[in-house]
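Chemist: Build me a model:
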Amino acid sequence: MSVSETKPYFGKIIILLLLSVGFFLGFKAVLPGQLFPEQNKGNDNQENVIMDNLLVEAISTDSTEVKDNDNQEGEGNLTVVDLTVEDGEAELINDPTLTQEGYKNLNRFYAKLQKLEKTKKGKIRIAYFGDSMNDGDFIVQDVRREFQEVYGGQGVGFVAITSLSAGARYSVAHQHSKNWKTQAFINVKKPQGSFGVSGQVFFGNDASASYWVRYKAQGAKFLTKLYNPTLFYGKSNNAKGYITIENEEGESITKELSPTKILNTIRLATGDPKSLKITFSHIDSIPIYGVSFDDGQGVHIDNFSLRGNSGLPLSMLNVNLMNAFNRELEYDLIVLQYGANVLSQKVKSYGWYEKGMTKALQNLRICFPNADILIISTADKATKIEGVMQTDPATTLLLNAQKKYARNNNAGFINLYNLMGGNGSMIQWVGNNMAAKDYTHFSASGSKKIAKFIYNEINEGYILYKKSSNTDYNIQEQSVGNNEERATSKTDSTMNMIFE
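Modeler: Predicted coordinates for the structure are as follows:
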């Protein structure tokens, strides 16, 4: 074929290509957007973002009720007050902050802590509920270490069967098979079985398959072994289930499961191994909850963090099952650290959140009747407003709501927002590599700093408790003095001290 003969063919090909591109662009304009998703430009901390159902419902259905409640906040013998604190201004009487009068709301916990300090005998257990701030045991692992350094205790505490952050957890190596059916109270209303103490329940519904989980001590201080490993599981008519336990030396034993009670336990090893692999067989319909590791003395802290949790789902915990967990684990303090998933510029009032968290706190008191409750406030969060990064306006609104429901429900309170520096502080934390560039979550070093703040506040409340129980020391004058010192944390000099 000559060159002149090929020219018509090239022309036809070019025309066909142009027509194809035109048809493609035309169809793309009318096709569903899911076929052409935008690339996720968020940072790693935003992976697997989950929003709990109760929060979504509360925001979408209670907007009218919120306005009505805001206009009636004075009812029920409640005093409508501004709970923010200006520089150098003492907080109100009945302030639930631990360094004010709030230490009194932790009297039972502090009494046990004092007994442990004096006798060096006994144990204290803390349930620490949180969200992505505590993902991977961040903050909690350092609070745990602070307590165990002073009061003794070894072990990481309760660990669930699966976790989105299992691969990133430093306090214990955690791996699991991918075929587990995981149900959590943040996005499932009617689980196959009641949610466990972590707010989750796990099932292996395929009788022909095996399911496994592996834990390994990482060698960190107070976490060098898997102390007293104990499996927790629920009730079922299935009497065929069994587990095979393999230690670090490759030795294995098989144990039958007996799911006859609402909560059942089984000791996984006679000693304190460094690693364990548990393989579950024929466990269809048996609720599996997790494994606890503790040496039975000193202080132990269980991290029950779930991404996307607002705290509202705590009202869904089954009382009978939680009472059974409490008989086994004996909780003395419940810590709640929430806020990251509740903050939104679109929310102008948090009366609905106060109401929902009050319900959650009331349920927790029935679930764990011997435990005091401590609320840790939202941290500062920065967002871009008119092109400038600044504290999200909703932050102080949520902060006030958290302090109010802590006070009205006789819970202790820690003002994390103030401790980290107050207005605009998150921007400085990010600049000092103490927080991620989402201006919400803390880095590993920042989490250690936050943990130190939290422990110190608990300890300062403990000092006030001991003074009030042993002498006629004027707590009000001392606590006001402490607060005035804390108010200066907003100054540049104090911010520099935070990052030293």
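Chemist: The stretch 301-450 of the chain: helices as residue ranges?
Modeler: 319-329, 351-367, 394-408, 416-419, 425-431, 444-470 (DSSP state H, counting those that start in this stretch).
Chemist: same thing with the stretch 51-200 of the chain?
Modeler: Taking DSSP H, counting those that start in this stretch, the helices of the stretch 51-200 of the chain run over residues 53-61, 63-70, 107-119, 140-151.
Chemist: what sits against A269?
Modeler: By CB atoms under 8 Å, 6 or more residues apart in numbering, A269 lies in contact with 226, 229, 245, 247, 276. Where you see a C-beta, it was placed from the backbone N, CA and C, and this is true even at glycine.
Chemist: Most neighbours out of these, which is it?
Modeler: Counting neighbours by other CB atoms under 10 Å, the top entry in the contacts of A269 is L226, with 27 neighbours.
Chemist: Distance of that residue relative to S165?
Modeler: Remark: distance between L226 and S165 (CB to CB, to the nearest Å) = 19 Å.
Chemist: Can you tell me how far the residue nearest the centre of the chain is from I139?
Modeler: Central residue of the chain (CA atoms, centre = their mean): G130, 1.6 Å from the mean position. Note on G130: its distance to I139, by CB to CB, is 8 Å.
Chemist: Repeat that for K118.
Modeler: For K118, the distance to I139 - CB to CB - is 29 Å.
Chemist: returning to what we had before: pipe the helices of the stretch 301-450 of the chain into JSON lines and attach distance to N238 and mean neighbour count per row.
Modeler: Output for the helices of the stretch 301-450 of the chain, formatted as JSON lines (distance: least, CB to CB, whole Å; neighbours: other CB atoms under 10 Å):
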{"stretch": "helix 319-329", "distance to N238": "18", "mean neighbour count": "17"}
{"stretch": "helix 351-367", "distance to N238": "26", "mean neighbour count": "20"}
{"stretch": "helix 394-408", "distance to N238": "41", "mean neighbour count": "22"}
{"stretch": "helix 416-419", "distance to N238": "45", "mean neighbour count": "23"}
{"stretch": "helix 425-431", "distance to N238": "49", "mean neighbour count": "21"}
{"stretch": "helix 444-470", "distance to N238": "41", "mean neighbour count": "19"}
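Chemist: Distance to A209 added to those helices, as a markdown table?
Modeler: Compiled in a markdown table, these are given as follows (distance: least, CB to CB, whole Å):
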| stretch | distance to A209 |
| --- | --- |
| helix 319-329 | 26 |
| helix 351-367 | 33 |
| helix 394-408 | 44 |
| helix 416-419 | 44 |
| helix 425-431 | 45 |
| helix 444-470 | 36 |
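Chemist: for the ones you listed, which one sits closest to R169?
Modeler: helix 444-470 (11.9 Å; CB to CB).
Chemist: Could you name the helices and strands sitting against that closest one?
Modeler: helix 107-119, helix 140-151, strand 412-414, helix 416-419, helix 475-487 (3 or more CB pairs under 8 Å, 6 or more residues apart in numbering; DSSP states H and E).
Chemist: Between K118 and I139, point out the one with more neighbours.
Modeler: I139 (28 against 9).
Chemist: which residues touch that one?
Modeler: Counted by CB under 8 Å, 6+ apart, I139 has contacts 130, 133, 337, 442, 447, 450-451, 454.
Chemist: Next: Y211.
Modeler: 177, 179-180, 204, 279-280, 283.
Chemist: Can you find the helix or strand of this protein with the lowest average pLDDT?
Modeler: For the chain, counting by mean pLDDT, DSSP states H and E, helix 475-487 ranks last in confidence among helices and strands (a mean of 41).
Chemist: before we move on, back to that, mind listing the shared neighbours of G130 and I139?
Modeler: Jointly contacting G130 and I139 under the rule CB under 8 Å, 6+ apart are Q337.
Chemist: What residues of stretch 334-350 count as buried?
Modeler: 334-343, 347, 349-350 (16 or more other CB atoms under 10 Å).
Chemist: if I look at Q390, how far off is I427?
Modeler: In terms of CB to CB, Q390 sits 8 Å off from I427.
Chemist: and for the two, which residues touch both?
Modeler: With CB under 8 Å, 6+ apart as the test, Q390 and I427 both reach A382.
Chemist: List phi and psi for T244.
Modeler: Dihedral angles of T244 (phi, psi; degrees, to the nearest 10) stand at phi -120, psi 120.
Chemist: ok, now which ones touch it?
Modeler: Neighbours of T244 in contact, by CB under 8 Å, 6+ apart: 252-254, 278-279, 281.
Chemist: repeat for L268
Modeler: 229-231, 245, 255, 276, 278, 291.
Chemist: Nearest residue to it in space, please, no chain neighbours.
Modeler: P229 (4.1 Å; CB to CB, 6 or more residues apart in numbering).
Chemist: That neighbour contacts P273, correct?
Modeler: Yes - counting by CB atoms under 8 Å, P229 does reach P273; the two are 7.0 Å apart.
Chemist: Just the ones of the contacts of A269 in strands?
Modeler: Here DSSP state E is the test, and those give 245, 247, 276 as lying in strands.
Chemist: The second one contacts P273, correct?
Modeler: Which is N247. Yes - with contact defined as CB under 8 Å, N247 counts as touching P273 (4.8 Å).
Chemist: Let me know the secondary structure of T265.
Modeler: strand (DSSP: H, G, I helix; E, B strand; the rest coil).
Chemist: That one: how many residues sit nearby?
Modeler: The burial count for T265: 15, using other CB under 10 Å.
Chemist: and of the helices of the stretch 301-450 of the chain, who's closest to G241?
Modeler: helix 319-329 (18.7 Å).
Chemist: That closest one - contacts with which helices or strands?
Modeler: So helix 319-329, by 3+ CB pairs under 8 Å, 6+ apart, packs with helix 351-367.
Chemist: Who are the packing partners of the helix it packs on?
Modeler: Using 3+ CB pairs under 8 Å, 6+ apart: helix 351-367 touches helix 53-61, helix 63-70, helix 319-329, strand 372-376, helix 394-408.
Chemist: how about 7 Å then?
Modeler: helix 53-61, helix 63-70, helix 319-329, helix 394-408 (3 or more CB pairs under 7 Å, 6 or more residues apart in numbering; DSSP states H and E).
Chemist: Send me that helix as CSV with only the CA atoms.
Modeler: C-alpha atoms of helix 351-367 as CSV (Å, rounded to 0.1, in the frame of the first residue of the first chain):
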residue,chain,number,x,y,z
GLY,A,351,-28.0,20.8,75.0
TRP,A,352,-28.9,17.6,73.2
TYR,A,353,-25.4,16.3,73.9
GLU,A,354,-25.8,17.1,77.6
LYS,A,355,-29.0,15.2,77.7
GLY,A,356,-27.6,12.2,75.8
MET,A,357,-24.5,12.0,77.9
THR,A,358,-26.5,12.3,81.1
LYS,A,359,-28.4,9.2,80.0
ALA,A,360,-25.1,7.5,79.3
LEU,A,361,-23.7,8.4,82.7
GLN,A,362,-26.8,7.2,84.5
ASN,A,363,-26.4,3.8,82.7
LEU,A,364,-22.8,3.6,83.6
ARG,A,365,-23.5,4.1,87.3
ILE,A,366,-26.0,1.2,87.2
CYS,A,367,-23.5,-1.0,85.1
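Chemist: Give me the distance between it and the centre of its chain.
Modeler: When C-alpha coordinates are averaged (CA atoms, centre = their mean, to the nearest Å), helix 351-367 and its chain have centres 16 Å apart.
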